[in-house]
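Chemist: Build me a structure from this.
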Amino acid sequence: MFMRFERMHRVKEFEIPTVMKNGIGAVKIVGKEVKKLGVSKPLIVTDQGVLNAGLVNPVIDSLKKAGLPYALYDKVIPNPDLECVAKGTEMYKAEGCDGLIAVGGGSSMDTAKAVGVEISHGEPVLEYECAEGKKTLSKRIPTLITIPTTAGTGSEVTQWAVITDPARQFKFNVGGPLIAAHLTIIDPELHVTMPPLVTAGTGMDALCHAIECYTCHYAQPATDAVALLAIEYAAKYLRRAVANGQDIEARYGMAMAAMLAGLSYGSESAGAVHAMTQTLGGIVPVAHGTAVAAALGPVMEYNWMGEPEKFARIAQAMGVNTFGMTAEEAALAAVEAVYELVDDLNIPSLEEQGVSPDLIPRLAEEAYKDPQTVGNPRDIDVKGYEAIYRRCFGLD
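Modeler: Reported below is the predicted structural model:
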């Protein structure tokens, strides 16, 4: 409890190390921007799915037009692990690269950030885990440009990378302003090929970032502002983006929702949903976004009493007419609005995603140990996490 009090009352800061450029067709400026940043040979970091979908092609075309050589690392995996990062670092060195371009979702962007840590610090990224007894980052990573092809993690602007340590079956954070991208280029045309379930899962991740960061103990006016707009955009555009992938207005709105929600992290972290799903992802190979979507409603149901007025404001941001409602009624309406959204998007339950209810005791213990627990707006212990997980599985 002392740690929670200390973090709530210390001086807060909000830093944006990343230049943000966005627009339809914005990917065409990559080559020019890479040159402007002084990079002579970037390593493109991506995965096979993004590569096969042709989403790397406009990046390569722009680099060629600018007369820039490049290397391609396309071995990123979902929930990237230490080996995935190490192989990227090895290629960066072998190819004589002096910058990074991440093209893809959160996995590609987090891998590129982690490669940057290993290049700049000369040690495995595990040495810089955000944990007691570990080292803190002391050097800026090499120039990094992020180009998201999904609208969810916000990793294009966050100051975090999430990497899996298979030996511990644990996903850990590395973070701070020194790991953030130097530039992000957000082009909604790169998002139109996302399948509906991926659109739904990543979009719910963006919504969750905004809701958690708006209500957590780390919240401050700057993060509140971007979080609320992210919630409004997600509520307005996510259903449309899932229903019609070619709806470029909806794709642009969700791209902005993800970016704004990423900014809402500020220099801090989230709450119980991400404590649960981040640790879960280290144990069971679930897609992060759909796991978040399945857990968000039950966590909000638990948390609303910690910040009833803010939860009431979330209801308004999601389009609920709260006129005549008490703060409590409006707060509960926000919870119901999220449940309705999850139903409309046909998000599979945790059990349908391959998570067994038998894991509840272990998952609750791991979630409680996650550092994001500290930010949760309502006090929570292992029993609290067990109760939320039981709700996720429909056992209560």
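Chemist: just so I have it, where are all the helices in the stretch 51-200 of the chain?
Modeler: 57-65, 82-94, 106-121, 196-215 (DSSP state H, counting those that start in this stretch).
Chemist: ugh, typo on my part, it should be the stretch 201-350 of the chain
Modeler: Using DSSP H, counting those that start in this stretch, helices in the stretch 201-350 of the chain cover 221-243, 248-264, 272-283, 288-303, 308-317, 327-344.
Chemist: out of those, which comes closest to residue 197?
Modeler: Nearest to residue 197 among the helices of the stretch 201-350 of the chain is helix 288-303; the distance by C-beta to C-beta comes to 7.1 Å. C-beta: built from backbone N, CA, C; applies to glycine.
Chemist: just to revisit the earlier point, of all the helices of the stretch 201-350 of the chain, which one comes closest to residue 351?
Modeler: Closest to residue 351 of the helices of the stretch 201-350 of the chain, according to C-beta to C-beta: helix 288-303, at 9.0 Å.
Chemist: mind checking how far residue 30 is from residue 62?
Modeler: Separation of residue 30 from residue 62 (C-beta to C-beta, to the nearest Å) stands at 4 Å.
Chemist: what about those two, which has more around it?
Modeler: Comparing residue 30 with residue 62 by other C-beta atoms under 10 Å, the one with more neighbours is residue 30, at 28 against 19.
Chemist: is it true that residue 273 touches residue 296?
Modeler: Yes: checked against C-beta atoms under 8 Å, the pair residue 273 and residue 296 is within contact range at 5.5 Å.
Chemist: residues shared between the contacts of these two?
Modeler: Residues touching both residue 273 and residue 296 (C-beta atoms under 8 Å, 6 or more residues apart in numbering) are residue 208.
Chemist: thinking again about what came up before, minimum distance to residue 147: which of the helices of the stretch 201-350 of the chain has it?
Modeler: Evaluated over the helices of the stretch 201-350 of the chain, closeness to residue 147 peaks at helix 248-264, with 11.2 Å, by C-beta to C-beta.
Chemist: what helices or strands is the closest one leaning on?
Modeler: In this structure, helix 248-264 packs against strand 19-22, strand 183-186, helix 196-215, helix 221-243, with contacts taken as 3 or more C-beta pairs under 8 Å, 6 or more residues apart in numbering; DSSP states H and E.
Chemist: So which of those is the most surrounded?
Modeler: helix 196-215 (a mean of 27; mean count of other C-beta atoms under 10 Å).
Chemist: Could I get the helices of the stretch 201-350 of the chain in JSON lines, plus columns for distance to residue 377?
Modeler: Formatted as JSON lines, the helices of the stretch 201-350 of the chain follow (distance: least, C-beta to C-beta, whole Å):
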{"stretch": "helix 221-243", "distance to residue 377": "13"}
{"stretch": "helix 248-264", "distance to residue 377": "14"}
{"stretch": "helix 272-283", "distance to residue 377": "9"}
{"stretch": "helix 288-303", "distance to residue 377": "5"}
{"stretch": "helix 308-317", "distance to residue 377": "8"}
{"stretch": "helix 327-344", "distance to residue 377": "11"}
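Chemist: looking at those, which is closest to residue 372?
Modeler: Evaluated with C-beta to C-beta, the helices of the stretch 201-350 of the chain place helix 272-283 nearest to residue 372, the distance being 4.2 Å.
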